[in-house]
Structure formats: C-alpha cells, structure tokens
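K.L.:
sequence and predicted structure are below.
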Amino acid sequence: MAYRLIGEAAMVVHFLILVFMAAGGFLAWRWPRLIWAHLAVAAWGLVSVVTGVECPLTVVEDWGRRNAGERGLTPGGFIDHYIEGVVYPQEYTNVARLGVLILVLASWLGYLWRRRRNPRRNTAADCPPPVHQR
C-alpha cells in the first residue's frame, strides 16, 4: 500500500509541477518571489526536453508502482504515459511544446512589464500603518 501511495503522490506532484511550469509565471505577477521558482522549473523543463534526461519524479513514480505490483510507466516516461496521446495526439508534441514555450515567455514578459510599470518601493507609503495597543 505504501508503494502505491508513493507512486500516486509522485504522479500528483508531477502534474502540479507541469501546471506550474506552464502557468507559474502568471502567478509571479501576484507573488513576485515565485519568479525564481518558476525560472528553476522552466529551466529544468527545457533541459529535460533538449537532453532527454529523465525527471526524478518519473523515477520515483515508476519505482513506487512497480514495487506495488502494478505496471510501471511506459518507456517514454511520465509525459508519454499521461500526456501524449491523451491530452493531445503524439504527432503534435512539438506544437504543444511550442505552445508551452510561448505561454512561459508571455508570462515572463508580462511579469517584466508589470514590474517596470509598478516597481515595489520600500517606502513608508507602502507600509501599513502601525497598530496601537492600549
């Protein structure tokens, strides 16, 4: 049972990271410090696509599923197992990758535009008024 939970948890975290990779830059518009996490996740995604290196979450999920007596992931890993052929046809893989790249770049450009237009300043006007206690 524990192995199955490990496999399921790795799958859920993997999906969340993929969503964050595609849309995390937009979250950074609201929470600017997230941009650093998004840059790291996007860089990992780029390295993974360019080099074909396997994601550690794929390894953990496959290990958990196999040790639980289930069938492991397909040889192509997480994306081939859950995304390609399910969310979009396999022949559109490069189109999907380009779409994610455009989405990420648009979020970064929007982030930079918003930061330039409304830079945060650590002035007294930006701080909330003090709370007086009696």
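P.N.:
All right, it came through fine.
K.L.:
now for the lowest-mean-pLDDT helix or strand in the chain, which elements pack on it?
P.N.:
Every helix and strand in the chain was compared by mean pLDDT, DSSP states H and E; the lowest is helix 78, with a mean of 87. Contacts of helix 78 with other secondary structure elements, assessed using 3 or more C-beta pairs under 8 Å, 6 or more residues apart in numbering; DSSP states H and E, are made with helix 56-67. All C-beta spots, glycine's among them, are computed from the backbone N, C-alpha and C.
K.L.:
hang on, the earlier thing: could you pull up the mean pLDDT of the next helix-or-strand element following the least confident helix or strand of the chain?
P.N.:
Note on helix 78: by DSSP states H and E, the next helix or strand toward the C-terminus is helix 93-117. For helix 93-117, mean pLDDT is 94.
K.L.:
buried ones in helix 93-117, by neighbour count?
P.N.:
Neighbour-count burial for helix 93-117, with 16 or more other C-beta atoms under 10 Å as criterion, is recorded at 93, 96, 100, 104, 107-108, 111.
K.L.:
pull the residues that contact it.
P.N.:
The set of residues external to helix 93-117 that reach it, using C-beta atoms under 8 Å, 6 or more residues apart in numbering, is 21-26, 28-29, 32, 35, 38, 42, 45, 49, 83-84, 87-88.
K.L.:
any of these buried? List them.
P.N.:
Buried members of the contacts of helix 93-117, counted by 16+ other C-beta under 10 Å: 21-22, 24-26, 28, 35, 38, 42, 45, 83-84.
K.L.:
what's the most distant pair in those?
P.N.:
Distances among these were taken as C-beta to C-beta; the most separated pair is 35 and 84, at 28.8 Å.
K.L.:
for the least confident helix or strand of the chain, the distance to its chain's centre please.
P.N.:
14 Å (C-alpha atoms, centre = their mean, to the nearest Å).
K.L.:
what's the pLDDT at residue 121?
P.N.:
For residue 121, the model assigns a pLDDT of 46.
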